[in-house]
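Participant: Just the structure for this:
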Amino acid sequence: MENLQLEILLERAQSGDKNAVEDICIKFNGMVINMAKCTYIKGYDMEDLIQEGRCSVIKAIGMYDINSKYPFAAYVKSSVKKNFYNMIRSNIRKVSCCSLYSKNEEGCEFINMIASDENIEEDLIKRKLIIQLNKAMDKLPEDKRDLIDWYYIQDKSLNKYAEKERISYRTAVYRKRKALESLKKYIEFLSKK
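Facilitator: Below is the predicted model:
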């Protein structure tokens, strides 16, 4: 039934009935939108692609042979797809040169506009601080170095440290504070060099 209605609309559209052309376009609108969603052409947005697809449907109405054994719906789909492929091919042929070192209208290079999570300056400062910290840690006496490593590097509790060393918790807190003071002095000394 639907194919018969489509054939009647097609005959009317080919004889110049604009309402029939519009009805056919409405019938194939969903297909055109789906095909446009699957297509990327540089410089075209979704609305542009949908309009191009609709133009392909209108061209297919005019070019379709009613006596063809090929169904009109398949002919329309093929026409829209071929039109998109031709547009892609012609868009690829356009010569465009764009380098990361090309400049925009304001004179800024594109490479400088790329967002990055990497912060080179901050990473460099962190590396320098880590080097200073390692040098300062090497200067600490072994017992203070072990305590800082235990608490800050291995992320273990002072209670466990006190049990391991067989000292009171209060003594462990005192040793940690003294170790940090010594470490701070060494870091300040190294940063003045």
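Participant: what about the helices in the chain?
Facilitator: With DSSP state H as the criterion, the chain has helices at 2-14, 18-27, 29-37, 46-63, 72-93, 120-139, 142-148, 158-165, 169-192.
Participant: Looking at the spatially most central residue of the chain now. What's its pLDDT?
Facilitator: For the chain, the residue nearest the mean C-alpha position is residue 115 (11.1 Å; CA atoms, centre = their mean). With respect to pLDDT, residue 115 scores 70.
Participant: could you check the angle helix 72-93 makes with the helix or strand of the chain with the lowest mean pLDDT?
Facilitator: Across the helices and strands of the chain, the lowest-confidence element by mean pLDDT, DSSP states H and E is helix 2-14, at a mean of 82. On the basis of axes from the mean of the first three to the mean of the last three CA atoms, to 10 degrees, helix 2-14 is oriented at 60 degrees to helix 72-93.
Participant: Report the inter-axis angle for helix 2-14 versus helix 46-63.
Facilitator: Interaxial angle, helix 2-14 versus helix 46-63 (the same axes, to 10 degrees): 80 degrees.
Participant: what about the residue lying closest to residue 156 once chain neighbours are set aside, how many residues close to it?
Facilitator: In space, and not counting its chain neighbours, residue 156 is closest to residue 150: 5.3 Å by CB to CB, 6 or more residues apart in numbering. Every residue, glycine included, has its C-beta placed from N, CA and C. Applying other CB atoms under 10 Å, we find 19 other residues in the vicinity of residue 150.
Participant: do the same with residue 172
Facilitator: With other CB under 10 Å as criterion, residue 172 counts 22.
Participant: who's in contact with it?
Facilitator: Residue 172 sits next to 147, 158-159, 161-162, 165 when contact means CB atoms under 8 Å, 6 or more residues apart in numbering.
Participant: change it to 6 Å
Facilitator: Applying CB atoms under 6 Å, 6 or more residues apart in numbering, we find residue 172 in contact with 158, 161-162.
Participant: Out of those, who's the most crowded?
Facilitator: Neighbour counts for the contacts of residue 172, by other CB under 10 Å, peak at residue 161, which reaches 21 neighbours.
Participant: Look up how far residue 161 lies from the residue nearest to residue 156.
Facilitator: For residue 150, the distance to residue 161 equals 5 Å [CB to CB, to the nearest Å].
Participant: Low-confidence ranges, the protein, go.
Facilitator: Within the chain, the stretches with pLDDT under 70 are 1, 93-100, 116, 193.
Participant: again, only using 80
Facilitator: 1-4, 6, 42, 91-120, 190-193 (pLDDT under 80).
Participant: Which parts of it belong to which domain?
Facilitator: 2-93, 120-192 (automatic domain parsing).
Participant: which one of those domains lies closest to residue 101?
Facilitator: Minimum separation from residue 101 across the domains of the chain (CB to CB) falls at domain 120-192, 18.2 Å.
Participant: Check the offset of the closest one from the chain's centre.
Facilitator: Offset of domain 120-192 from its chain centre (CA atoms, centre = their mean, to the nearest Å): 41 Å.
Participant: Please consider this matter closed, and thank you.
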